[in-house]
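Engineer: got a sequence here, can you build the structure:
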Amino acid sequence: MAIWDRFNAAIRSYCSLNRNREFALLCRRADESTRGALLDIGSGDGFWTERFARHFEASYGLEPDPQALRTAQKLHGARTRYIHGFAENLCFEDQAFDCVVSVSCFEHFRSAQAALHESFRVLKPGGKLAISVDSLLPDNSSKEFRSWHSKKYFVTEYFSEKRLTEMLVEAGFIVEHRHTRHLIASRFSARVRELYLRHPRSLLLLFPLLYLLVLAADAWGRQVPGQIVVMSARKPGLIRAEAQPALEFDPALTPA
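Structural biologist: Numbering: from 1, shown residues only. Okay, the predicted model is just below:
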């Protein structure tokens with residue numbers, strides 16, 4: 001059963017027109033931080049968290065969905081500790097992490113701004129935040145698709161680069177603008193992604209072709225603001241070069 005669960009998780013994660021590129025960009029930014037403790041906010045079934053964790057001494061995944069949490073604990077619990085909790089009220093001490101990552105989760109939170117403030121709190125001085133967000137806007141998607149997507153995936157807010165930048169600054173971060181990247185950044189790739197999201201099973205066998213078409217369109221097509229925005233920021237202060245002790249987690253701090 002575990003093998004089948006791993007296979008299903010891999011298919012869901014790899015057969016995405018944007019998720020692999022999101023992870024690659026976020027991992028590149030995470031690699032710039034001190035390799036101490038990592039927190040993945042919205043860790044889901046743990047597939048991407050496990051891959052982030054390979055670069056850090058200690059890793060934690062935070063997930064509000066009990067079923068996804070159980071899957072992560074079963075499949076990836078050997079390397080990473082998965083904890084039930086919410087991004088707006090993190091159950092960790094101040095300055096506990098060297099890096100906080102999140103793969104397209106902030107758009108689902110009740111308060112993304114509160115989650116950014118909490119991310120800032122738990123980061124060490126000089127610590128890195130690397131996140132991706134859904135950015136469905138009138139420039140890159142139809143009103144009808146945004147309505148369908150927000151209902152299906154429980155989206156509370158779509159973020160433009162400008163809006164997310166303002167929120168990061170308000171939380172106290174220094175935004176690394178040179179590292180900002182837009183994915184699904186042409187009208188053609190946006191249409192392909194919309195079609196694939198609506199009909200994933202029937203189009204699964206065409207995934208390799210669709211993926212190559214999206215890569216080509218993003219590279220050479222007419223550019224629009226991307227449906228996915230990847231950004232990084234850091235907490236002001238110096239990154240301490242000395243080795244950091246392993247993070248100690250107190251279960252009593254977990255929200256009920």
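
Engineer: now Ile131: which helix or strand?
Structural biologist: Per DSSP states H and E: Ile131 is located in strand 123-134.

Engineer: distance from that strand to the middle of the chain?
Structural biologist: Relative to the centre of its chain, strand 123-134 is centred 10 Å away, using Cα atoms, centre = their mean, to the nearest Å.

Engineer: list the buried ones in it?
Structural biologist: By neighbour count on 16 or more other Cβ atoms under 10 Å, the buried set for strand 123-134 is Leu123, Lys124, Gly126, Gly127, Lys128, Leu129, Ala130, Ile131, Ser132, Val133, Asp134. C-beta coordinates here come from the backbone N, C-alpha and C atoms, glycine included.

Engineer: distance to Gln95 for these - can I get that in a markdown table?
Structural biologist: Below are these laid out as a markdown table (distance: Cβ to Cβ, whole Å):
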| residue | distance to Gln95 |
| --- | --- |
| Leu123 | 7 |
| Lys124 | 5 |
| Gly126 | 10 |
| Gly127 | 8 |
| Lys128 | 13 |
| Leu129 | 13 |
| Ala130 | 18 |
| Ile131 | 19 |
| Ser132 | 24 |
| Val133 | 25 |
| Asp134 | 29 |
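
Engineer: and the strands in this structure, which stretches?
Structural biologist: 37-41, 58-63, 81-84, 97-103, 123-134, 174-175, 181-183, 228-234 (DSSP state E).

Engineer: count of neighbours near the residue lying closest to Ala112 once chain neighbours are set aside?
Structural biologist: Leaving aside its sequence neighbours, Ala112 sits nearest to Phe106 (Cβ to Cβ, 6 or more residues apart in numbering; 4.5 Å). Phe106 has 25 neighbouring residues, counting by other Cβ atoms under 10 Å.

Engineer: re the thing from before, can you redo the strands of the chain as CSV with distance to Arg163?
Structural biologist: Converted to CSV, the strands of the chain look like this (distance: least, Cβ to Cβ, whole Å):
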stretch, distance to Arg163
strand 37-41, 19
strand 58-63, 23
strand 81-84, 29
strand 97-103, 16
strand 123-134, 9
strand 174-175, 12
strand 181-183, 14
strand 228-234, 10
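
Engineer: rebuild these as a markdown table, extending it with mean pLDDT and distance to Leu116.
Structural biologist: Output for the strands of the chain, formatted as a markdown table (pLDDT from 0 to 100; distance: least, Cβ to Cβ, whole Å):
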| stretch | mean pLDDT | distance to Leu116 |
| --- | --- | --- |
| strand 37-41 | 98 | 10 |
| strand 58-63 | 97 | 14 |
| strand 81-84 | 96 | 19 |
| strand 97-103 | 97 | 10 |
| strand 123-134 | 97 | 8 |
| strand 174-175 | 98 | 11 |
| strand 181-183 | 97 | 19 |
| strand 228-234 | 98 | 9 |
